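1. show me the folded form of this:
(2 chains)
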Amino acid sequence: AQSVTQLDSHVSVSEGTPVLLRCNYSSSYSPSLFWYVQHPNKGLQLLLKYTSAATLVKGINGFEAEFKKSETSFHLTKPSAHMSDAAEYFCVVDNYGQNFVFGPGTRLSVLP
Amino acid sequence: EAQVTQNPRYLITVTGKKLTVTCSQNMNHEYMSWYRQDPGLGLRQIYYSMNVEVTDKGDVPEGYKVSRKEKRNFPLILESPSPNQTSLYFCASAVAQSYNEQFFGPGTRLTVL
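-> Numbering: from 1, shown residues only, chains lettered A, B, ... in the order given. Next comes the predicted model:
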């Protein structure tokens, strides 16, 4: 089965500075990959997805992620953090077309 | 409005008392799934269904049952709830292929005393 590692359980940045949330996956093929965001006491919303097209994927709210097969990584970035970006972020991989596997999540704090 | 609905949103119950959490989607999605979310563990899949009458175990199926008799509904059944099933539960649906976006319900917070 696939697995997902999110290297940081908590990331803290200042407003206006770049955001980097790291995700690595284990796979013997090129899976589909997703980033979801969960704001406090809310459901989950898709930020972006990679499905074997362009390796640099742009999502909503200025986020983007780059698929690097050689590093089995799919890190999420944003050039300038906003207070409203404070949330929990989940990296997700599809499991051989059967189901989805979630990473443990990274909590992003944005300081004024 | 396209959505996934779950009921109830909040539930407090006692050990051993059977309960059902309903999930319904109005997007004609083939794929539906149940997850539980616990602090530090992310979302873990309980069961999923690729279509009507087709269900499979996820990572943490013990203590849960599901059924998929209709395309739109995917109830989660706890025959004999225990305190370790206290969690936040999410239902999700998607078009059949796995590379499609999952749409999540608002969540059900369950407490088992």
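
2. nearest residue to the residue positioned nearest the centre of chain B other than its sequence neighbours?
-> Central residue of chain B (C-alpha atoms, centre = their mean): residue B:34, 2.9 Å from the mean position. Spatial nearest neighbour of residue B:34, excluding adjacent residues (C-beta to C-beta, 6 or more residues apart in numbering or on different chains): residue B:46 at 4.3 Å. For the C-beta atoms, the positions are set from N, CA and C on the backbone; glycine is no exception.

3. that neighbour - that's part of a helix, no?
-> No. Residue B:46 is assigned strand when assessed by DSSP: H, G, I helix; E, B strand; the rest coil, not a helix.

4. which strands and helices sit next to the helix or strand bottoming out on mean pLDDT in chain A?
-> Of the helices and strands making up chain A, the lowest-confidence element is strand A:99-102, at a mean of 84, by mean pLDDT, DSSP states H and E. When contacts are defined as 3 or more C-beta pairs under 8 Å, 6 or more residues apart in numbering or on different chains; DSSP states H and E, strand A:99-102 sits against strand A:3-5, strand A:87-95, strand B:31-38, strand B:42-51.

5. as JSON lines, the ones you listed with mean pLDDT would be great.
-> Listed next are these as JSON lines, based on pLDDT from 0 to 100:
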{"stretch": "strand A:3-5", "mean pLDDT": "90"}
{"stretch": "strand A:87-95", "mean pLDDT": "91"}
{"stretch": "strand B:31-38", "mean pLDDT": "94"}
{"stretch": "strand B:42-51", "mean pLDDT": "92"}
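
6. now do the strands in the chain.
-> In the absence of a named chain, chain A is used. Along chain A, counting by DSSP state E, strands occupy A:3-5, A:10-14, A:19-21, A:24-26, A:33-38, A:44-50, A:56-58, A:64-68, A:73-78, A:87-95, A:99-102, A:106-111.

7. nope, chain B
-> With DSSP E applied, chain B shows strands at B:4-7, B:10-13, B:19-25, B:31-38, B:42-51, B:54-57, B:65-66, B:76-78, B:87-94, B:103-104, B:108-112, listed in chain order.

8. pull the CA atoms of the first one into CSV?
-> Going back to what we said before, that points to strand B:4-7. The C-alpha coordinates for strand B:4-7 follow below in CSV (Å, rounded to 0.1, in the frame of the first residue of the first chain):
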residue,chain,number,x,y,z
VAL,B,4,-22.3,15.6,1.0
THR,B,5,-24.5,15.5,4.1
GLN,B,6,-24.0,13.7,7.3
ASN,B,7,-26.3,13.1,10.2
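
9. what is the burial count for residue 61?
-> Defaulting to chain A. Neighbours of residue A:61 under the rule other C-beta atoms under 10 Å in any protein chain shown: 12.

10. you looked at the wrong chain, it should be chain B
-> By the measure other C-beta under 10 Å, the count of residues near residue B:61 is 16.
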